[in-house]
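1. I'll drop the sequence and a predicted model, then ask my questions.
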Amino acid sequence: MKNNRSFDHKKAQIEHYVKAEYTKKFRRNARISIRKRQRFMEDMTRKVSKKFGKDVLCLVDFTKGGFTTLVSPAHTVSTNLGRLYNSFTHPQISYTSHCLERFSERAESDKNCIILMDAYMDDALLTYGENEGYLACPSGVFAYEVDSGGMIIKTYINFNLLSEDQIFKFYGSGTVTRLSEEFLAEDENQTDFILSEEYTDPPGKQ
């Protein structure tokens, strides 16, 4: 965590806010089910991101008779590409502020952008090398560049904004199995493209 007055002040604000929400939601020393804990954490992720910034990781520790919140802002650095936000879970990856804004807008999410992008990146990194400068995940495509041994994610384009040519390029024979089920058609007449190795000539045609 950063050790400065600005962060200490922000951390204190967030902890005070989350503790107040916790007190309103649960009785003191009450046993809290897993489902209620998950629901509370989802609410806090959304509310904290909206109120204090989308680059904050807020963890809640439910302990017997007590409550602790750990707050960690994404480490940032200024470059010629603007301010970069480091990934929470991928040490060599950072996101531009432009990418954060585009992802938030195009994914229609007011939750913590970095947490969500890190989750999408788990799938996207599997496509590294298939399309230079781009990584594809089930929900869309990230544009990147490699600099000083690290990967900078520059922007995000969600699946619905891709053209047919782009869909074939990014989700063709090498990556189509990573498409979300909602994008797959049962009837081949409803498809935008078909894998060439799966296509066979009609019976009797040579």
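-> Good, I have the coordinates.
2. what is Asn86 paired to in the beta sheet?
-> Ser94 (DSSP bridges).
3. show me what the helix or strand hosting Met151 is packed against.
-> Secondary structure from DSSP states H and E places Met151 in strand 150-158. If you count contacts as 3 or more Cβ pairs under 8 Å, 6 or more residues apart in numbering; DSSP states H and E, strand 150-158 packs onto strand 93-96, helix 97-106, helix 113-124, strand 140-147. Any C-beta I mention is one placed from the backbone N, CA and C, and that applies to glycine too.
4. can you do 7 Å?
-> Using 3 or more Cβ pairs under 7 Å, 6 or more residues apart in numbering; DSSP states H and E, the elements in contact with strand 150-158 are strand 93-96, helix 97-106, strand 140-147.
5. can I get these in TSV including mean neighbour count?
-> What follows is those, written out as TSV (neighbours: other Cβ atoms under 10 Å):
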stretch	mean neighbour count
strand 93-96	25
helix 97-106	18
strand 140-147	18
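6. mean pLDDT lowest for which of these?
-> Among the helices and strands packed on strand 150-158, helix 97-106 carries the lowest mean pLDDT, at a mean of 86.
7. now tell me what touches that one from outside.
-> Helix 97-106 has contacts (Cβ atoms under 7 Å, 6 or more residues apart in numbering) with 54, 82-83, 85, 113, 117, 153-156, 158, 161.
8. identify all contacting residues around stretch 139-155.
-> 81, 84, 92-96, 98-99, 102, 120, 124, 133-135, 156-159, 162, 170, 180.
9. how near is the residue lying closest to Ile157 once chain neighbours are set aside to Gln13?
-> Of all residues not flanking Ile157 in the chain, Val141 sits nearest, at 4.9 Å (Cβ to Cβ, 6 or more residues apart in numbering). The gap separating Val141 from Gln13 is 36 Å, by Cβ to Cβ, to the nearest Å.
10. ok so, going back, show me which positions of the helix or strand that the strand holding Met151 is followed by end up buried.
-> The first helix or strand that comes after strand 150-158 along the chain, using DSSP H and E, is helix 164-170. By 16 or more other Cβ atoms under 10 Å, the buried positions in helix 164-170 come out as 166-170.
11. domain ranges for the protein?
-> As assigned by automatic domain parsing, the chain contains the domains 5-73, 76-182.
12. weakest of those domains by average pLDDT?
-> domain 5-73 - the lowest mean pLDDT of the domains of the chain, at a mean of 77.
13. ok, back up a step: most neighbours of all the contacts of helix 97-106, which one?
-> For those, the largest number of neighbours (other Cβ atoms under 10 Å) sits with Tyr156, at 28 neighbours.
14. contacts only, for that one.
-> Contacts of Tyr156 by Cβ under 7 Å, 6+ apart are 99, 102-103, 106, 140, 142.
15. if it is in a bridge, with which residues?
-> Bridge pairing for Tyr156 - DSSP bridges - gives Phe142.
16. how near is it to Arg28?
-> 43 Å.
17. same deal with Tyr17?
-> 18 Å.
18. got the buried residues for the biggest helix by length in the chain?
-> Secondary structure assigned by DSSP state H gives helix 5-25 as the longest helix of the chain. By neighbour count on 16+ other Cβ under 10 Å, the buried set for helix 5-25 is 10-11, 14-15, 17-18, 21-22.
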